[in-house]
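Asks: I would like the atomic coordinates for the input below:
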Amino acid sequence: MIHSERGYAPRIYPEGGSGDNFQINRAQSIAPTATPSYIVIKELGRDGKVKSIRQSVEVTNRLTQYEEGELDLYRALANKPTADKLDLTDFAPSLFGITAFLKDDKGNFKGSIWYPGQRLTALSIEIGDPKAMVTRSFDFSGDDVQVLQTNNGYLIELKKIVESGETPTTEITIGAGDYANYPEPVEDPNNTGKYILRVVRTR
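Replies: Numbering: from 1, shown residues only. As a prediction, this is how the structure comes out:
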């Protein structure tokens with residue numbers, strides 16, 4: 001089960017490579033931003049707009065984090081859990097998901113927010129002054145954000161390694177074998193008889 005050890009702390013897990021899910025410590029916020037559906041064109045010396053240009057709406061999310069660790073989060077973002085160094089090109093093919101608990105004002109658990117199928121689009125480091133806390137910012141975008149609630153409030157991650165030469169049919173039985181201690185799956189309330197929200201294959 002993917003959850004934070006303290007409060008809201010989100011976790012990141014790989015969708016395009018190996019590695020385990022990883023807690024993002026000192027995270028400050030995950031905030032969505034969206035480009036407008038149109039741009040108003042104006043010009044100097046002329047009142048009002050010249051015209052409006054429609055464009056596709058793009059939604060991105062920004063994770064801000066106070067400096068923590070060395071390469072841990074960067075490795076997770078690049079799907080390279082054991083790398084000693086990383087180049088910017090390492091982030092291009094990576095795919096990851098982020099999830100975090102949602103709580104009310106009293107600290108009661110309300111559900112989870114889930115960002116599946118994300119790719120890193122930008123990163124930056126801000127240093128206000130020599131004594132200031134270093135702030136990292138990571139912009140990412142991908143599939144639509146989902147809110148998991150009530151009986152479906154937790155995101156459950158299952159992994160299965162299929163060795164070369166195994167039969168084409170692979171079965172995972174929750175509650176038995178390697179998955180004996182996992183919570184019982186809950187039916188998707190929007191799709192009768194469906195339990196799995198996402199399947200990712202990595203080679």
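Asks: sec struct for V147, please.
Replies: The three-state label given to V147 by DSSP: H, G, I helix; E, B strand; the rest coil is strand.
Asks: list the contacts of it.
Replies: By CB atoms under 8 Å, 6 or more residues apart in numbering, the residues touching V147 are 102, 111-114. Where C-beta positions appear, they are placed from N, C-alpha and C, glycine not excepted.
Asks: next one: it from G111, what distance?
Replies: 6 Å (CB to CB, to the nearest Å).
Asks: need the overlap of contacts for those two.
Replies: L102.
Asks: quick one on the thing from earlier: narrow the contacts of V147 to those in strands?
Replies: Counted as lying in strands by DSSP state E, out of those, are 102, 111-114.
Asks: weed out the non-buried ones from these.
Replies: Buried members of the ones in strands among the contacts of V147, counted by 16 or more other CB atoms under 10 Å: 111-114.
Asks: quick one: the helices in the chain?
Replies: For the chain, applying DSSP state H gives helices covering 72-78.
Asks: mind checking pLDDT for the residue of the chain most remote from its centre?
Replies: Residue farthest from the centre of the chain, counting by CA atoms, centre = their mean, is G45 at 45.9 Å. Per-residue pLDDT puts G45 at 74.
Asks: one more: L120?
Replies: Note for L120: predicted pLDDT of 93.
Asks: same check on V57?
Replies: pLDDT, read off for V57, is 56.
Asks: what helices or strands is the helix or strand of the chain with the lowest mean pLDDT leaning on?
Replies: Ranked by mean pLDDT, DSSP states H and E, the weakest helix or strand in the chain is strand 38-41, scoring a mean of 73. Packed against strand 38-41, as judged by 3 or more CB pairs under 8 Å, 6 or more residues apart in numbering; DSSP states H and E, are the following elements: strand 51-54.
Asks: mind putting the contacts of V147 into TSV with distance to S124?
Replies: Formatted as TSV, those follow (distance: CB to CB, whole Å):
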residue	distance to S124
L102	27
G111	30
S112	27
I113	23
W114	25
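Asks: show me the contacts for V40.
Replies: 49, 52.
Asks: cool, I172 as well?
Replies: I172 touches 158, 160, 179, counting by CB under 8 Å, 6+ apart.
Asks: report how many residues lie close to the second one.
Replies: In terms of burial, K160 registers 10 neighbours under the definition other CB atoms under 10 Å.
Asks: this structure: strands as residue ranges?
Replies: 11-14, 22-23, 27-34, 38-41, 51-54, 59-66, 96-103, 109-126, 135-142, 146-149.
Asks: can I get those strands in a markdown table with distance to A83?
Replies: Formatted as a markdown table, those follow (distance: least, CB to CB, whole Å):
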| stretch | distance to A83 |
| --- | --- |
| strand 11-14 | 13 |
| strand 22-23 | 14 |
| strand 27-34 | 22 |
| strand 38-41 | 40 |
| strand 51-54 | 42 |
| strand 59-66 | 19 |
| strand 96-103 | 15 |
| strand 109-126 | 15 |
| strand 135-142 | 17 |
| strand 146-149 | 30 |
